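1. here is my input; please provide its structure:
(chains A and B)
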Amino acid sequence: MPTPRLVAVLTVLLVLLTSCTAQESQTLGPPLPDTNATEVIALLETSTQPVVINVWASWCIPCRSEAPLLERAHAQFGDDIRFIGINVADTQSAARQFIAEFGLSFENLFDAPRTVPAALGGSGVPLTFFFAPGGELVHYQPGVIDERTLALQIDELLRRRATS
Amino acid sequence: MEFTLLWAAATGIGMAVVMANIEKRWNLIAAETAGVSDLILAAAVTGLVTGRLAAMIMAGTNPITHPGDILVVRSGVDTGFASLGALAFVSLSSRRQLAGTIDALGPAAMAGLAGWHAGCLYRRACLGAASSWPWAIAQDGSNVTRHPVEIYAALLFLAAAPVLLWWLRRGVRSTGAVGATALVLAGAIRLVTEPLRPSLGSGPVGWYLTAIAIGLAGILIARVRRARPALQ
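-> Modelled structure (predicted):
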């Protein structure tokens, strides 16, 4: 293989060129409302819509890949499914920065002491929970969620609602 | 820590290497491309890195300011750019005998893709669109039965691999045609199974069509080169 140097140079050039994006000024939104496990469980039990809960933190690397997917899903299915982000183990300013960076338009709540994921039966970040109306847990995705899984579980929620 | 994605990738690469060894044992690989197993591994790693960088950039994450993110492969790898990266690596590293090399890689690539898709069994990610067909499967706790779409894809790739192997064994008159056909098959198999995959959009259909177009162009070039050997 006579060209490893060439491949290395091309890879570095590709990374440098594609990384040279203009710095956009981001306007931070309002502080995230505080929440806790009791509030979230009550919300799920009284919800007449399916609910997708994503537990995230601004320092979590996989959360960065999930954020655009969740935003797309919210834009597509937001009328039928309630999307809620729960920010844990984080600071308000970092969380708001993250939301502004990815332009997240679904509701996000602040749970610094991580009471919500523990109450829902998960730990760590990211986590994604899919609930039927009334709070029945349909699917729990520990770790990063990909587009296929997200789309499949959303389809599952919508089909369950249609047949119930 | 979950390693299911790694197991799926290892299954794919392992099946590709096994097929390459079968080709080698049957003397279907030219002496100058004898290192085809190493080439598969190096191309897979190059594709993985390229696809990961592309996925990061498209998600708005700068690889220079977040270099650690590159290692978090589970956060997403763009399949189209990964394929381009792997193909570019193969083209650059074997440009003097490119046509023969891609022929040798054809059956191995089909076997590798079969292994990768069958890896859905580790990841519990085989299911797709809802279906009432007799073999449709429901996920745990659900009564909605679905097409095991990734198993369909695995079986189609598994069927394609021995066909290309047989072609190689019979003798390739237009050098490069087997590899180009493998590219057409890869795009076509993904394209026909795509409507059964859950997606938030239309899926990477453009990439599949591009693969088919490049493969068809490759077949045409192989035939022209055979007809006009002076061009070689």
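2. for the rest of this, base every contact and every neighbour count on C-alpha atoms.
-> Fine.
3. and chain B, which of its residues are near chain A?
-> B:53, B:56-57, B:59-64, B:69, B:72, B:74-76, B:89, B:92-94, B:125, B:128-129, B:141, B:144, B:197-200 (Cα under 8 Å from any Cα of the partner chain).
4. if you set the cut-off to 7 Å instead, what comes out?
-> If contact is defined as Cα under 7 Å from any Cα of the partner chain, the residues of chain B in contact with chain A are B:59, B:62-64, B:69, B:75-76, B:92-94, B:128, B:198-200.
5. possible to save the residues you listed as CSV with secondary structure?
-> Below are these laid out as CSV (DSSP: H, G, I helix; E, B strand; the rest coil):
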residue, secondary structure
B:59, coil
B:62, coil
B:63, coil
B:64, coil
B:69, helix
B:75, helix
B:76, coil
B:92, helix
B:93, helix
B:94, coil
B:128, coil
B:198, coil
B:199, coil
B:200, coil
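6. select only the buried ones of the residues you listed in PyMOL?
-> For the buried members of the residues of chain B next to chain A, the matching PyMOL selection, counting by 16 or more other Cα atoms under 10 Å in any protein chain shown, is:
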select buried, chain B and resi 59+62+63+69+75+76+92+93+94+128+198+199+200
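7. pick the one among the residues of chain B next to chain A closest to residue B:3.
-> The shortest gap between residue B:3 and any of the residues of chain B next to chain A belongs to residue B:75, at 12.8 Å (Cα to Cα).
8. secondary structure element for the residue lying closest to the closest one once chain neighbours are set aside?
-> Nearest residue to residue B:75 in three dimensions, chain neighbours excluded: residue A:62, at 4.9 Å (Cα to Cα, 6 or more residues apart in numbering or on different chains). Take DSSP states H and E as the rule and residue A:62 turns out to sit in helix A:61-77.
9. same for the helix or strand following that helix, what does it pack against?
-> Where DSSP H and E defines the elements, the next helix or strand beyond helix A:61-77 is strand A:82-88. Contact partners of strand A:82-88 among helices and strands, from 3 or more Cα pairs under 7 Å, 6 or more residues apart in numbering or on different chains; DSSP states H and E: strand A:51-56, strand A:107-111.
10. swap the cut-off to 10 Å and go again
-> Using 3 or more Cα pairs under 10 Å, 6 or more residues apart in numbering or on different chains; DSSP states H and E as the contact criterion, the elements in contact with strand A:82-88 are strand A:51-56, helix A:61-77, helix A:92-102, strand A:107-111, helix A:115-120, strand A:127-131.
11. sketch out the low-pLDDT regions of chain B for me.
-> Per-residue confidence for chain B (pLDDT under 70) gives these ranges: B:1-2, B:30-34, B:229-232.
12. near residue 86, how many other residues are there?
-> Since you didn't name a chain, this refers to chain A. By other Cα atoms under 10 Å in any protein chain shown, the residues close to residue A:86 number 26.
13. actually chain B
-> Residues near residue B:86, counting by other Cα under 10 Å, number 24.
14. got the phi/psi numbers for it?
-> Note on residue B:86: its backbone torsions stand at phi -70, psi -40 [degrees, to the nearest 10].
15. that one and residue B:48 touch, don't they?
-> Yes - counting by Cα atoms under 10 Å, residue B:86 does reach residue B:48; the two are 8.0 Å apart.
16. which neighbours do the two have in common?
-> Each of residue B:42 lies in contact with both residue B:86 and residue B:48 under the rule Cα atoms under 10 Å, 6 or more residues apart in numbering or on different chains.
17. isn't the residue nearest to residue B:75 right next to residue B:72, touching?
-> Yes - counting by Cα under 10 Å, residue B:72 is a contact partner of residue A:62 at 7.1 Å.
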